[in-house]
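Novice: model this:
(2 chains)
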There are 2 protein chains.
Amino acid sequence: MSGVEGLLKQHGKPIKDVYLDWENGSVVDKEVLDVMIPIYLEKTFGNPAITHKIGWETYDFYVKAKTAIAKPLSVDPQTLALTHSFTESNNLAIKGLLPLNKKKKKIIVSEAEHLSVIHTAKSLFNQQYHVDIIPVSNDGTVNLDVLQEKLDDDTLLVSLQTTNHELGTMQPVKAALEIVKDKSEEIFFHTDATAAFGRVPIDYNKLEVDLATFNSNRILGPKGIAALYVREGIKMKALYEGQLSVEILSPDVENPALLAGFAKAVELQFSKFDQVKENITRLRDKLLYGLLTSIERTEMNGPSGERRAPDNVNISYLGCEGEALTVECSMNGIYVSSGSACTSRVLMPSHILTAIGRKPEEAHGSLLMKLNRLNTEEQVDYVLERMPKIISRIRSITGGIEL
Amino acid sequence: MSGVEGLLKQHGKPIKDVYLDWENGSVVDKEVLDVMIPIYLEKTFGNPAITHKIGWETYDFYVKAKTAIAKPLSVDPQTLALTHSFTESNNLAIKGLLPLNKKKKKIIVSEAEHLSVIHTAKSLFNQQYHVDIIPVSNDGTVNLDVLQEKLDDDTLLVSLQTTNHELGTMQPVKAALEIVKDKSEEIFFHTDATAAFGRVPIDYNKLEVDLATFNSNRILGPKGIAALYVREGIKMKALYEGQLSVEILSPDVENPALLAGFAKAVELQFSKFDQVKENITRLRDKLLYGLLTSIERTEMNGPSGERRAPDNVNISYLGCEGEALTVECSMNGIYVSSGSACTSRVLMPSHILTAIGRKPEEAHGSLLMKLNRLNTEEQVDYVLERMPKIISRIRSITGGIEL
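Specialist: Numbering: from 1, shown residues only, chains lettered A, B, ... in the order given. So this is what the prediction gives:
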C-alpha cells in the first residue's frame, strides 16, 4: 500500500476526463513519441562525440534537432545549451555566471519568479551575495520603478520571467531590458521563458536578452530535457563536473531520444502557431469569463486580454479550501492544481498569489487551469457545466465561510 | 551540412552491425519501451505531489517503481534519490555532503574513478579542500595500503567505484570499506556502482556503504534517469534549488516515463541474472582470448577471470592509432570506442589507461568492447573473424610502427 490506494478506490471513475494541470505534468504529443521510438530502439542513440558511424549519425541528428529548436527563437543553435529541466536551466543561468564574474555581488529577481529562480538567488546569501526581490502589482506585473532604483554598479544579473506561470502575466521584459542595459551593458539579463515559449511570439533578434530558459515538457515534448539560451560570447561554468561531450555546460546531458522529442514538439507547436494561439485564447476567454460570471464570489488572478498568456485561467473561489477543491474537481474528472505549492511536502500558499495580495486562505482556494492544443471546446463546456456545482458543494461543506 | 555528412557518405553500409559501445550510448530494451509508451501518452504522467486522481495514480506508480529498483539492492526504496544521470549522482554524493559537514576537508578518490568523480573532487580545491588520489595497480586495482595511509581525522569522504568502467576491474570495495570504517565510522564511503549494477551481485545488507550510484542507461533502460543510494540518516543538500516535490535531493527530477523504464530495465536485468551473467561471461572470454590469440602484439587491459566484470573486453593493439581503429571497425560494422577520452573536444588518452601505465599512444590504440544480453555468439564470431584484418590494415597504413 503506497498510501494513495485507498484514495483511489474511493475516487471511482469520472464520466469524463479533462486534464488542465499542464503546469504540473504532461503527456507528449503522439507525433512527438513517434520520432522518439526509433531512437529508443535502433538509431542515433549513440554518443555524438564518438568516432564511428552511429556516433556520426547521432551528431548529425543532434545538430539538426538543435537547429529546429533554435529556429522559432531566431537564435544560432550553438547558443542553446541543453539541460535536464527548466529548473536546471534557471540554476545554471544564475550560478553558472558567478565563478567568472566574481567582482559583482548583487542579483535582482522579481517576487513572482518560479521558485527555481528565487531559491537559487537566495541560496547565494551565504556566499556574500545580495539579492533584491522586486515586487509585483496586483495583477502580477513587475514594478519597473523599483527595478530602476535597485540597479547599481554592484549588480551582476537581473532575472525576470517572460510570462508568469501561475497568473499568465506577460511581463514588460523589453522595457525592463532597456532599463537594465541603460544602467550598464555589463549587467546580465536572464528571462525564464518557460511559461511563454510556444504561447507568445519570442524573437531574440529583436529582444537581446543574455540568457533565456526554455522547456520541452510545457509544449507537449518529453520531460527531462530543456535549454538555456546563452548569448554568444557569454562565459559560464557548468553546475556539474564530469566527462564532457558535445554539450559543454552540462556533462552527460546528451539524450538523443529526448532531444528528438523536444525538437518535434517545437516544430509542432510553431507550425500552426497563430491558429493554435487564436483557438486557445478563445477557449481561455470562454472558460475564464464563463466561470467568473456563472459562479458567485469569484475573482480572477492576473491580467485580462492581450497582457494575459493565452493558456492561463486562474481564479480564486472565495470560501473554498484548496485541497477539497482539487479533490472534488478530480471526482468530476477535472484535473487542476490549487494555489498551494507543495514544498518539501508542506502545504504552503503559492508565493505568487500572496505576492499579488491574496490572503493564504484565498490562495489555497484558487485554481490554476491551463489549456493547450489537446484541449477541446467540448471539454471547456463540460468544465463550465460542472464547476458551479463543484463550488456549491465545497462551499456547503465548509459552511460557505465569508472570507 | 553538420560536418559529418561527408564522413557518412564515404562510410557506406556495412554487411553487419555489431554494437559494442554500450559504455557511450545505448538503445533501450523493447520491453522497457513498452512500459514507457502508455505513460508518455496517457497515464501516470502527472506530478506525484498533486492531489487529484492522476497525481495519486502517479504517486502510487512512483512508489512501486522505486520499490522495484530497490529490490535487487536489498535497500529501502526511500533511500534511493533519483537523479538525471550517474554524473549527477556522483556530483551529489560528493558535493551534497559538504554544506552539512563543514569541519572535515579531505576527500579521497582513486585515480581510476570516472571523470565525474575525479573532476568533482578536484573542483573543491578552490574551496580549501584537500583531495588525495589513490593510485591503482597495472590491472586497475586500487592500492589499499595507500588508502590506509591517507585516511586521517580530516577525511570526510572516500569514493571508490565498485567496478572500473573501462577495465572491468572489480575493486576490493568490501576490504576498502573495512579499512575506512576501522579508521572512523564517521568517514563517509561512496561507491560508483554504474559499471557494476546488473553485472555483478550487489547486496547492501551485506556491504554497508553510505552512498552508491546507479544508472538506468547501462542496463538497457532509458538515459536521463539514475539514482543515488543514501543510507538512512545521512543528511545531504540538493545541488539544485527549485520547487521540490516527492524527490528532495533533486528538484524537478520526477519523470514517470523514464522511471517506469528504469524500473522495467532493473526487473529484466535481474530476472535471469545468473543465466545472463554466465552467458555474457562466456562471450566475453571467447572474444577476449580470441582476439588476444589471433592478433599479434595485443595486450589485455584489466584483470582476468572472476576479478573482471563479465561484460568487459579491453585490449591494446600496439602500433595502431585509435581514431583510425574505431573508423576501420565502423566500416566493418563494429562499433566500439578507443582509449581516447574526448574532453572538451580535445583528444586525450584515457586517464585510466595512463593510470595503469599505458603510454599515450598505447592508450589511443586500445579498444573497449562491452557486451550485454542483446549481443549474440554470432556477433562475437563476426568480430573475431574481422578484427585480425582490421588490425592488419591499420598497421599497414601506419607502417606498423614498433611502439
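
Novice: burial of the closest residue to A:Phe197 other than its chain neighbours, as a residue count?
Specialist: Excluding the flanking residues, the one nearest A:Phe197 by CB to CB, 6 or more residues apart in numbering or on different chains is A:Phe214, at 4.8 Å. For every residue, glycine as well, the C-beta is placed using N, CA and C. If you count neighbours by other CB atoms under 10 Å in any protein chain shown, A:Phe214 ends up with 27.

Novice: quick one: A:Phe214 is in a strand?
Specialist: Yes. Applying DSSP: H, G, I helix; E, B strand; the rest coil, one finds A:Phe214 inside a strand.

Novice: how much space is there between it and chain B?
Specialist: Distance, A:Phe214 to chain B, by CB to the nearest CB, to the nearest Å: 14 Å.

Novice: wait, that residue touches A:Ala196, no?
Specialist: No. Applying CB atoms under 8 Å as the test, A:Phe214 and A:Ala196 come out as separate, 9.0 Å apart.

Novice: for chain A, what are the low-confidence residue spans?
Specialist: A:1-2, A:341-346, A:399-403 (pLDDT under 70).

Novice: domain parsing for it?
Specialist: Domain segmentation of chain A under automatic domain parsing yields A:5-20+A:272-397, A:30-270.

Novice: from those, which stretch is densest packed?
Specialist: domain A:30-270 (a mean of 21; mean count of other CB atoms under 10 Å in any protein chain shown).

Novice: rewinding a little: B:Gly224 is nearest to which of the domains of chain A?
Specialist: Among those, domain A:30-270 comes nearest to B:Gly224, with 4.2 Å by CB to CB.

Novice: contacts for stretch A:52-59?
Specialist: Residues from elsewhere that reach stretch A:52-59 (CB atoms under 8 Å, 6 or more residues apart in numbering or on different chains): A:43-50, A:246, A:256, B:2-4, B:7-8, B:11, B:14, B:19, B:21, B:24-25, B:326-327, B:329-330, B:335-337.

Novice: same deal with stretch A:324-334?
Specialist: Contacts with stretch A:324-334, where a contact means CB under 8 Å, 6+ apart, come from A:11-12, A:14-18, A:20, A:317, A:335-338, A:365, A:367, A:382-383, A:386-387, A:390-391, A:393-394, A:397-398, B:50-54.

Novice: what does stretch A:171-186 give?
Specialist: Under the contact criterion CB under 8 Å, 6+ apart, stretch A:171-186 has outside partners A:110, A:141-142, A:144, A:147-148, A:151, A:153, A:155, A:158, A:160-164, A:187, A:189, A:191, A:207-209.

Novice: which SSE is immediately downstream of the helix or strand encompassing A:Thr58?
Specialist: Taking DSSP states H and E as the criterion, A:Thr58 maps to helix A:53-70. Of the helices and strands lying after helix A:53-70 in sequence (DSSP H and E), the nearest is strand A:80-83.

Novice: restricting to C-alpha, output that next one in CSV.
Specialist: Extracted as CSV, the C-alpha positions of strand A:80-83 are listed here (Å, rounded to 0.1, in the frame of the first residue of the first chain):
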residue,chain,number,x,y,z
LEU,A,80,21.4,26.7,-26.9
ALA,A,81,22.8,24.8,-24.0
LEU,A,82,20.8,21.7,-23.3
THR,A,83,19.9,20.9,-19.7
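
Novice: and the helix or strand just after it, does that touch chain B?
Specialist: As assigned by DSSP H and E, the chain's next helix or strand after strand A:80-83 is helix A:86-95. Yes. Using CB under 8 Å from any CB of the partner chain, we find that helix A:86-95 touches chain B at A:Phe86, A:Thr87, A:Glu88, A:Asn90, A:Asn91.

Novice: what's the angle between helix A:86-95 and helix B:86-95?
Specialist: Computed by axes from the mean of the first three to the mean of the last three CA atoms, to 10 degrees, the angle separating helix A:86-95 from helix B:86-95 equals 50 degrees.
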